[in-house]
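A.B. asks: structure, please.
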Amino acid sequence: MFFRFRMRSRCLSMIAVACLAGAASLRAQEEGGVVIGRLHYDGGGDWYANPSSLPNLLAAVRAHTDLQTAPRERVVTLSSPTLWDVPYLYMTGHGNVRFGDEDLVTLRRYLLQGGFLQADDNYGMDEAFRREIARVFPDRPLEEVPLDHPIYNLVYQFPRGVPKVHEHDGKPAQGFGIFLDGRLAVFYTYQSDLGDGWEDADVHKDDAAVRESALRMGVNLVAYAVGTGR
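C.D. replies: Below you'll find the model as predicted:
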């Protein structure tokens, strides 16, 4: 099965690259615009964390690119037929993650067929996510994404990589990935808390500049996921 969504011919504003229409790898839009899927996973972790984050990110994409987006994310499971309607799959949480055997097969197929997964550790998901993604691609370990990759340069410039929103352990924020035929298919944000930075301003009381940086990083990610995929 291939993705049921299609991308209309349009160019992203503020991107000094060619129009992304006709991209071969991932087709992005359905009737209501680009949709982000929030992954409802098993294992007991709070997959529903940061409820205001994705609507705010979708609004930022509408405001800063020519992409049309849905007003809210769509909650999907790996067994849901609507998984194949979302080009960008997002997961977050503070606790355990567990993929069943059939889920492993489905997620692997989703990613191999052009899907994009962003996993955002909300402080506490790291061990479980690394364990489970290694079950999805046992022969493709997570590797740090180089700073010259398009996700750090596509719309906004991030010469130091993924921004750090919250301190937690005081470690630097890092972006890890899994590449499939040269395409970044999995992006894992560690010690960053991007989703916290996307939330409403009164939730975490983060500085406006921190929130803006987080949203800009998110705009880059969505633009990449629904564009050339390279």
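
A.B. asks: and whichever helix in the chain runs longest, what's its mean pLDDT?
C.D. replies: Taking DSSP state H as the criterion, the chain has its longest helix at helix 208-225. The average pLDDT within helix 208-225 is 96.

A.B. asks: low pLDDT regions in the chain?
C.D. replies: For the chain, the stretches with pLDDT under 70 are 1-32, 228-230.

A.B. asks: all strands of it, in order?
C.D. replies: 29-30, 33-34, 36-39, 74-76, 88-93, 116-121, 143-144, 174-180, 183-190 (DSSP state E).

A.B. asks: show residues contacting the last one.
C.D. replies: So that's strand 183-190. 25, 111-112, 114-121, 126, 129, 133, 137, 142, 145, 149, 151, 162, 173-179, 221, 224, 229-230 (CB atoms under 8 Å, 6 or more residues apart in numbering). C-beta here means a position set from N, CA and C on the backbone, and glycine is covered the same way.

A.B. asks: number of nearby residues for the residue nearest to Gln68 when sequence neighbours are not counted?
C.D. replies: Distance criterion CB to CB, 6 or more residues apart in numbering; nearest residue to Gln68, sequence neighbours excluded, is Gly33 at 3.7 Å. Gly33: 16 surrounding residues under other CB atoms under 10 Å.

A.B. asks: surely Gly33 is in contact with Leu67?
C.D. replies: Yes - judged on CB atoms under 8 Å, Gly33 makes contact with Leu67 at a distance of 7.2 Å.

A.B. asks: just the buried ones from the contacts of strand 183-190, in ChimeraX syntax?
C.D. replies: Restricted to buried positions by 16 or more other CB atoms under 10 Å, the ChimeraX selection for the contacts of strand 183-190 reads:
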select :25,111,114,115,116,117,118,119,120,121,129,133,137,142,145,149,151,162,173,174,175,176,177,178,221,224,229
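
A.B. asks: what residues of stretch 125-145 count as buried?
C.D. replies: By neighbour count with 16+ other CB under 10 Å, stretch 125-145 contains the buried residues Met125, Ala128, Phe129, Arg130, Glu132, Ile133, Val136, Phe137, Arg140, Leu142, Val145.

A.B. asks: contact partners for the third one?
C.D. replies: It refers to Phe129. Phe129 sits next to Met91, Val97, Ala119, Asp121, Tyr188 when contact means CB under 8 Å, 6+ apart.

A.B. asks: in the sheet, who's paired with the first one?
C.D. replies: Each beta-bridge partner of Met91 is listed here: Ala119, as defined by DSSP bridges.

A.B. asks: contacts only, for Gly161.
C.D. replies: Val145, Leu147, Tyr152, Ala173, Gln174, Gly175.

A.B. asks: TSV for those residues, including distance to Arg183?
C.D. replies: Shown next, in TSV, are the contacts of Gly161 (distance: CB to CB, whole Å):
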residue	distance to Arg183
Val145	12
Leu147	18
Tyr152	16
Ala173	23
Gln174	20
Gly175	15
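
A.B. asks: the residue nearest to Gln191 when sequence neighbours are not counted: how many residues sit nearby?
C.D. replies: In space, and not counting its chain neighbours, Gln191 is closest to Lys171: 4.6 Å by CB to CB, 6+ apart. Using other CB under 10 Å, Lys171 is surrounded by 11 other residues.

A.B. asks: does Lys171 touch Asp126 like I think?
C.D. replies: No - taking contacts as CB under 8 Å, Lys171 lies outside contact range of Asp126: 10.6 Å.

A.B. asks: how far off centre is stretch 129-139?
C.D. replies: Centroid separation for stretch 129-139 versus its chain: 17 Å, with CA atoms, centre = their mean, to the nearest Å.
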